[in-house]
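>>> Fold the following.
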Amino acid sequence: MSLRTGYTTGACATACTKAALTALLTQTPVEEIEITLPLGQKVLFKVTCSFNNLNATCTTIKDGGDDPDATHGATIGSRVSLNTGDDIVFLRGEGVGVVTLPGLAIGVGEPAINPVPRKMMQDAVNFIRHQYQLTQGVDIQVFVVNGEEIAKKTLNARIGIIGGISILGTTGIVKPFSASAYIASITQGIDVSIANGCDTVVINSGGRSENILRKRFAHLPEFAFVQYGNWIGETLNKIKTTPLRKVKMGIMLGKACKLAQGELDTHSGKSSWDKQFINELAMGCGYPPEQCQPILDLNLARRLTELFPFNAEEPFYKALAEHCYAVCKAIIPAVRLEILLIDANDNIISC
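Residues are numbered from 1 along each chain as shown. Coordinates of the predicted model:
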């Protein structure tokens, strides 16, 4: 059975904006509205609408399809009014974050509405202005019900988006398991680090590994830490396009085993650790067969520490780190890279 696609917060905000302006100008309720997505698809949204002579407000429920994220089921809305100029002005509504750090595509102090959703809303407004021969400008105030709480489930605060979520989307469509929002947070995180003067970025797999690394690198600001999740390849490719020259990579043993064998997407649905490869790596370090053979029976890579004591002098971990280093260095050859292996007891080996 094919997976169902959903719609981005940007597409939802565009539908609400177009519906609200229509309701304001016609003084009639709007129950559904069609918008055109960036790649040309036309989509119909159901909306709830209220209006008076001064402004109109429309809302819709965000449907993430079969890839629900933190904003799935959220109420996205837009309140529009006319202004005395002829410009389209974006105002921050409740539950939409404000940009507080340089490095993002939106300037500091602006509501966190990304460029593509802004253009979608501008195009929709200009279509309605032309249809009704409106010469006045339009104020657009996008809001998200409980957006500040939803934002706590995201990495927005890390990149300086405070007080709510971002209005995102490049195509308007959420593809199941595309992880586009997570990958966008990786690239934005790196951009913010650079824009705020970081010459060192610590990339890591998630909350646990980051907490460990932040103790080790306590002198670095929060925005120097970027979580790659499972998307090591996308993270390294982003770094390759930047002026960054120093990267420290924290990685748990399970992901390290996958990376060492060349896997750049460590999601369990995309890759698994090759026990035979790890066994051969250990044999190549000179360990006796009776010490290496149990590798083939391990159910979890983190249990390798039962066979090889986790310390910097152990040849197995040196070899594992060297393989990880070689895979990464091939992508970011100009970067000074340090690999930090992390075990299940939160110990670190720097290689």
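>>> can you map out the helices along the stretch 201-350 of the chain?
Along the stretch 201-350 of the chain, counting by DSSP state H, counting those that start in this stretch, helices occupy 207-216, 232-240, 253-260, 275-284, 289-292, 315-329.
>>> Can you mark which positions in the fifth one are buried?
Residues Cys292 are the ones in helix 289-292 that count as buried (16 or more other Cβ atoms under 10 Å). All C-beta spots, glycine's among them, are computed from the backbone N, C-alpha and C.
>>> and the closest residue to Ile349 other than its chain neighbours, what does it touch?
Excluding the flanking residues, the one nearest Ile349 by Cβ to Cβ, 6 or more residues apart in numbering is Leu341, at 4.5 Å. Neighbouring residues of Leu341 by Cβ atoms under 8 Å, 6 or more residues apart in numbering: Ile251, Leu253, Ala256, Tyr317, Leu320, Ala321, Ile348, Ile349, Cys351.
>>> Look up the closest residue to Glu338, ignoring the ones flanking it.
Nearest non-adjacent residue to Glu338, counting by Cβ to Cβ, 6+ apart: Lys248, 4.7 Å away.
>>> surely the one you found meets Cys198?
No. Because the distance of 11.4 Å does not satisfy Cβ atoms under 8 Å, Lys248 is recorded as not touching Cys198.
>>> picking that back up, which pair in the contacts of Leu341 spans the largest distance?
Leu320 and Ile348 (13.7 Å; Cβ to Cβ).
>>> Which of the two has more residues huddled nearby?
Leu320 (28 against 16; other Cβ atoms under 10 Å).
>>> Okay, that one and Ala330: tell me how far apart.
Counting by Cβ to Cβ, to the nearest Å, the separation of Leu320 from Ala330 is 17 Å.
>>> and if you look at Arg302?
From Arg302 over to Ala330 (counting by Cβ to Cβ), the distance is 26 Å.
>>> Of these two, give the one with the bigger neighbour count.
Ranked by neighbour count (other Cβ under 10 Å), Arg302 and Ala330 place Arg302 first, with 18 against 10.
>>> who's in contact with that one?
With contacts taken as Cβ under 8 Å, 6+ apart, Arg302 has the following neighbours: Met252, Leu253, Gly254, Asp343, Ala344.
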